[in-house]
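# Sequence and computational prediction follow.
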Amino acid sequence: MRPGMGLDAWSYADDEWRGYVLVDSVTDLLVRHVFVTWVAGLHFPNAAEHPDFAPGRDLVLRPEPDNPFDPNAIGVWNADATIQAGHLPAVIVRDLSRLPGERHGLVVGEMFEGPEHLGLWVIVAREPITLNLIDEQRAPPHHVKAWVRQAKEVRQRSAAWQELKSGDPLEQMRRMAEGLKDSHQGIAEGPGRVGMKQ
């Protein structure tokens with residue numbers, strides 16, 4: 001076993017996800033300076049299909065202070081640093097770059113829709129990571145399926161946001177108005193709720 005941090009994980013695969021789910025809670029991981037996130041903006045065509053980005057593979061996380069779009073950008077590269085998959089999401093790294101120290105990555109999973117690879121999920125830590133697989137003969141607990149479902153929902157919201165962001169401004173306003181209208185339907189009028197629908 002190589003030096004670094006060992007993390008317990010369940011192996012999990014279904015029609016939309018292949019990879020691992022960490023056993024530790026998010027809080028326990030954050031105390032150890034570890035988190036799981038998606039890879040934004042896949043650069044390399046079919047990066048998610050490349051064997052260097054299969055679940056369990058090491059990654060190089062390379063800061064890009066000269067990036068013209070975001071000086072806090074952190075590129076996600078294969079272990080040899082020859083193929084860039086994309087970047088850690090800007091919303092994740094905006095405060096991360098202020099923390100001292102090197103970052104290490106590991107592919108934790110990949111998401112599919114039919115035959116199409118939709119994205120990669122990675123573990124980010126301050127030291128190298130080793131996954132300790134829990135007995136695969138037993139069925140994973142329900143929280144594993146819940147975590148995968150949540151990861152899928154994050155991916156869907158991200159795709160919906162990109163679609164909304166890239167469209168016609170008038171169409172964006174129409175969608176937002178529909179969303180507001182839908183969110184107010186069915187709210188009962190009660191004390192202090194003047195003007196709400198019954």
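Received, thanks.
# Show me the helices in the protein, by range?
26-31, 90-93, 142-165, 169-184 (DSSP state H).
# what comes into contact with the second one?
Counting by Cβ atoms under 8 Å, 6 or more residues apart in numbering, the neighbours of helix 90-93 from elsewhere in the structure are Phe35, Thr37, Ala40, Asp70, Asn72, Ala73, Ile74, His87. C-betas here are computed from N, CA, C, even on glycine.
# show me where pLDDT drops low in the chain?
Residues of the chain meeting the criterion pLDDT under 70: 1-3, 43-48, 96-101, 135-145, 147, 152, 155-176, 178-198.
# now the strands for it?
5-13, 17-22, 34-38, 58-63, 74-78, 84-87, 104-113, 116-125, 129-133 (DSSP state E).
# can you list those strands in CSV and add mean neighbour count and distance to Gln150?
CSV is the format used below for these (neighbours: other Cβ atoms under 10 Å; distance: least, Cβ to Cβ, whole Å):
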stretch, mean neighbour count, distance to Gln150
strand 5-13, 17, 13
strand 17-22, 22, 10
strand 34-38, 20, 11
strand 58-63, 18, 22
strand 74-78, 22, 21
strand 84-87, 22, 21
strand 104-113, 22, 12
strand 116-125, 21, 11
strand 129-133, 16, 20
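# Any idea which of those strands gets closest to Arg149?
Of all the strands of the chain, it is strand 17-22 that lies closest to Arg149, at 9.2 Å by Cβ to Cβ.
# thinking again about what came up before, of the contacts of helix 90-93, closest to Arg103?
Nearest to Arg103 among the contacts of helix 90-93, with distances taken as Cβ to Cβ, is Ile74, at 6.9 Å.
# List the single closest residue to that closest one in space, sequence neighbours excluded.
By the measure of Cβ to Cβ, 6 or more residues apart in numbering, the closest residue to Ile74 outside its immediate chain neighbours is Leu88, 4.5 Å from it.
# One more: Thr37?
In space, Thr37 is closest to Ile92, 5.1 Å off (Cβ to Cβ, 6+ apart).
# Against Ala177, how distant is that neighbour?
30 Å (Cβ to Cβ, to the nearest Å).
# Just want to know which of the two has more residues nearby.
Ile92 (16 against 10; other Cβ atoms under 10 Å).
# Can you get me a residue count around Leu42?
20.
# residues contacting it?
Leu42 touches Ala48, Ala85, Gly86, Gly119, Leu120, counting by Cβ under 8 Å, 6+ apart.
# now Phe35
Phe35 neighbours (Cβ under 8 Å, 6+ apart): Val26, Leu29, Ile92, Ile123, Val124.
# Val76 is in contact with the residue nearest to Ile74, correct?
Yes: counting by Cβ atoms under 8 Å, Leu88 does reach Val76; the two are 6.3 Å apart.
# Could you name every residue contacting both of the two?
Between them, Leu88 and Val76 share the contacting residues Val39, Leu61, Val122, judged by Cβ under 8 Å, 6+ apart.
# Now distance to Arg103 too, for those residues, in TSV please.
Formatted as TSV, those follow (distance: Cβ to Cβ, whole Å):
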residue	distance to Arg103
Val39	14
Leu61	4
Val122	10
